[in-house]
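K.L.:
the sequence isn't on hand, but the structure is:
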């Protein structure tokens, strides 16, 4: 079966001063595909996601999405084009309820002029009601219905991860970037998270780019995996291929053990 | 006009400027030390339009607001992309430059001697209705998605950007609106005191408004309005302390901010819901 390439990354390089965080990375995501990027700490995985979501532009290379080069585009514009993400270190808003947090993802779609908010025009109220319903849908979908009116930051860590996912989904993306969705979760929570991602993937026809440390997350979700080490791509393939690749094993476990 | 009414009118007019600062500094965490310059601009432009060009009061005010908003767009473009602490410095410089211009352009503004002979056109009714309308405006703005966006940007700008909020455009909108509020307040005051001079619009006024917002509660519209009334009335109410007035005023602020770090009213908002519910039929209440 032939699937179109959704995000095409060509020769991405990111330098921070003299440090090369990502060196000449190339890869792509097909439609209806989950790809994973794995590698030890400092391998440049998050840097790749940051470049795709526009947090900083690559030093060189290009990211093609919907026929456009995303390099140098501002993060909100990339979001409007259909790429949403979550963060490894959860970034929620202080004092805001779960519902309000998710609703902010719809803000940019507001159909009225700012002046209309001053006079509380009916369109403002109608839009608010409409996005409240849509946001509730995503909150229900990640299983937080009962907590919709709780302050997001007061909820347990596992739930906060789900709020971030609900917020990303509220951008109604084509491509979802998940930065270590399993980090800081316990064993059962990780299993729930994997199931949630799998269900969302099959329901919503998303393309997903996933980063994780945990092999069990990556291995059971991803169709294709890129392995990074010290900013360089050292391997790629299906989960089975990657697991058997001696270079990958060496990067993960060290030379001596793999030889033993 | 009685003394009390005169003071009340000034409080109403200044509160409108404070509401602008509430949107900018309270809701969005942007510290503008040049807000008062927009007030000065509103005052001078409207006064000159009426006195020198004999335009009607309403038209003059409208021109003043448009000029202030236009300038805010320019200043915003130059300053809102930089970090927030530098924004405070840049607006400080802008504010001092504007008062400097007012002092130097003697043949237009009258220089340090001030601009006088402004007719008294601001009536208490105009001032009080203006304040009420301004409150309704800010309430509507805050209840719309702009209120949530403000809080989102204030607490995590990167996350706000990534979920699609155009942060720069948002800040520019808020900055321009707050400038319009300050300019309108300035125009009202000019046609009340009948005399304006550059010294009234320096950074001290801007800082005073920021203090008022934090005193009343940056997360409470009710708090800002009440805090504004309390602190603007305080200098008059504290007259009996004579030479100690400034000291007592400062101690009052310090005590409140230390006892209630989130401001006098925290996040509390005056709500009409309990009143409305009183008049609702019983059945309706049970469903809720």
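P.N.:
Looks like it came in fine. Please read all numbers here as calculations on a predicted model, not as lab measurements.

K.L.:
up against chain A, what does chain B have?
P.N.:
B:136-141, B:143-146, B:148-149, B:151-152, B:154-156, B:158-167, B:173, B:177, B:219, B:267 (C-beta under 8 Å from any C-beta of the partner chain). Bear in mind the C-beta positions are built from the backbone N, C-alpha and C, glycine included.

K.L.:
can I have the buried ones of the residues you listed as a ChimeraX selection?
P.N.:
Command for ChimeraX that selects the buried part of the residues of chain B next to chain A, burial taken from 16 or more other C-beta atoms under 10 Å in any protein chain shown:
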select /B:137,138,139,140,141,143,144,145,146,148,149,151,152,154,155,156,159,160,161,162,163,164,165,166,167,173,177,219
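
K.L.:
mind listing the helices for the stretch 101-250 of chain B?
P.N.:
Along the stretch 101-250 of chain B, counting by DSSP state H, counting those that start in this stretch, helices occupy B:106-109, B:124-143, B:145-155, B:157-162, B:167-193, B:203-216, B:221-237, B:245-259.

K.L.:
who wins for proximity to residue A:159 among these?
P.N.:
helix B:157-162 (16.7 Å; C-beta to C-beta).

K.L.:
need the contact partners of that closest one.
P.N.:
With C-beta atoms under 8 Å, 6 or more residues apart in numbering or on different chains as the test, helix B:157-162 has contacts from A:53-55, A:74-76, A:79, A:84-85, A:87, A:91-93, A:104, B:149, B:152-153, B:167.

K.L.:
got the contact list for residue B:224?
P.N.:
B:18-19, B:22, B:26, B:212-213, B:216-218.

K.L.:
and residue B:268, by the same measure?
P.N.:
B:217, B:220, B:222-223.

K.L.:
if you rank these by neighbours, which is first?
P.N.:
Each of the contacts of residue B:268 was scored for neighbours by other C-beta atoms under 10 Å in any protein chain shown, and residue B:223 scores highest at 28 neighbours.

K.L.:
my guess is it contacts residue B:229. True?
P.N.:
No - in this structure residue B:223 lies outside contact range of residue B:229 using C-beta atoms under 8 Å: 10.8 Å.

K.L.:
tell me which two in the contacts of residue B:224 are the farthest apart.
P.N.:
The two members of these with the most space between them (C-beta to C-beta) are B:19 and B:217, at 13.4 Å.

K.L.:
can you point out the buried residues in the strand or helix carrying residue B:96?
P.N.:
Taking DSSP states H and E as the definition, residue B:96 sits inside helix B:84-104. By 16+ other C-beta under 10 Å, the buried positions in helix B:84-104 come out as B:87-88, B:90-92, B:94-96, B:98-99, B:101-103.

K.L.:
how many other residues sit next to residue A:186?
P.N.:
Residue A:186 has 11 nearby residues by other C-beta under 10 Å.

K.L.:
dump the residue contacts of it.
P.N.:
Taking C-beta under 8 Å, 6+ apart, one finds residue A:158 in contact with residue A:186.

K.L.:
would you mind measuring from it to chain B?
P.N.:
Going from residue A:186 to chain B by C-beta to the nearest C-beta, to the nearest Å gives 25 Å.

K.L.:
what are the ranges of the helices in the stretch 101-250 of chain A?
P.N.:
For the stretch 101-250 of chain A, the helices defined by DSSP H, counting those that start in this stretch occupy A:114-118, A:122-141, A:157-169, A:187-204, A:215-221, A:239-244, A:246-253.

K.L.:
quick check: mean pLDDT across the fifth one?
P.N.:
Throughout helix A:215-221, pLDDT has a mean value of 85.

K.L.:
then the last one?
P.N.:
Helix A:246-253 shows a mean pLDDT of 80 in the predicted model.

K.L.:
residues making contact with it?
P.N.:
A:39-40, A:227, A:229, A:234-235, A:242, A:258.

K.L.:
ok, which pair from those is furthest apart?
P.N.:
A:39 and A:258 (16.1 Å).

K.L.:
pick out whichever of the two has more residues nearby.
P.N.:
residue A:39 (24 against 14).

K.L.:
thought residue A:231 was touching that one, still the case?
P.N.:
No - taking C-beta under 8 Å as the definition, residue A:39 is not a contact partner of residue A:231, at 9.2 Å.

K.L.:
picking that back up, as CSV, the contacts of residue B:268 with pLDDT and distance to residue B:73 would be great.
P.N.:
Shown next, in CSV, are these (pLDDT from 0 to 100; distance: C-beta to C-beta, whole Å):
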residue, pLDDT, distance to residue B:73
B:217, 92, 30
B:220, 93, 29
B:222, 94, 31
B:223, 93, 30
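
K.L.:
now those residues in JSON lines, with distance to residue A:9?
P.N.:
Below are the contacts of residue B:268 laid out as JSON lines (distance: C-beta to C-beta, whole Å):
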{"residue": "B:217", "distance to residue A:9": "47"}
{"residue": "B:220", "distance to residue A:9": "47"}
{"residue": "B:222", "distance to residue A:9": "51"}
{"residue": "B:223", "distance to residue A:9": "49"}
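
K.L.:
a strand runs through residue A:54, doesn't it?
P.N.:
No - read with DSSP: H, G, I helix; E, B strand; the rest coil, residue A:54 is coil and lies in no strand.

K.L.:
most packed of the helices of the stretch 101-250 of chain A?
P.N.:
helix A:157-169 (a mean of 23; mean count of other C-beta atoms under 10 Å in any protein chain shown).

K.L.:
so where's the chain uncertain?
P.N.:
Answering for chain A, as no chain was given. A:1, A:253-260 (pLDDT under 70).

K.L.:
looking at chain B here, not the other one
P.N.:
For chain B (pLDDT under 70), the answer is B:281-288.

K.L.:
which residues of the stretch 1-150 of chain A lie near chain B?
P.N.:
Of all the residues in the stretch 1-150 of chain A, those lying near chain B are A:53-55, A:74-76, A:79-80, A:84-85, A:87, A:91-96, A:100-101, A:103-108, A:110, A:114, A:117-120, A:124, A:127-128, A:131, going by C-beta under 8 Å from any C-beta.

K.L.:
restricted to strands, list those.
P.N.:
A:84-85 (DSSP state E).

K.L.:
are any of the residues of the stretch 1-150 of chain A next to chain B buried, and which?
P.N.:
A:53-55, A:75-76, A:79, A:84-85, A:87, A:91-93, A:96, A:100-101, A:103-108, A:110, A:114, A:117-118, A:120, A:124, A:127-128, A:131.

K.L.:
chain neighbours aside, what residue packs nearest to the residue nearest the centre of chain A?
P.N.:
Nearest to the mean C-alpha position of chain A, counting by C-alpha atoms, centre = their mean, stands residue A:177 at 1.8 Å. Leaving aside its sequence neighbours, residue A:177 sits nearest to residue A:85 (C-beta to C-beta, 6 or more residues apart in numbering or on different chains; 3.8 Å).

K.L.:
ditto for residue B:32
P.N.:
residue B:91 (4.3 Å).

K.L.:
the nearest residue to residue B:194 once chain neighbours are set aside - how many residues pack around it?
P.N.:
With sequence-adjacent residues excluded and distances taken as C-beta to C-beta, 6+ apart, residue B:194 is closest to residue B:118, at 4.7 Å. A count of neighbours around residue B:118, defined by other C-beta under 10 Å, yields 20.

K.L.:
report the buried residues of stretch B:239-249.
P.N.:
Result for stretch B:239-249 [16+ other C-beta under 10 Å]: buried residues B:245, B:249.

K.L.:
residue numbers of the stretch 151-260 of chain A in contact with chain B?
P.N.:
So the stretch 151-260 of chain A meets chain B at A:167-168, A:170-171 (C-beta under 8 Å from any C-beta).
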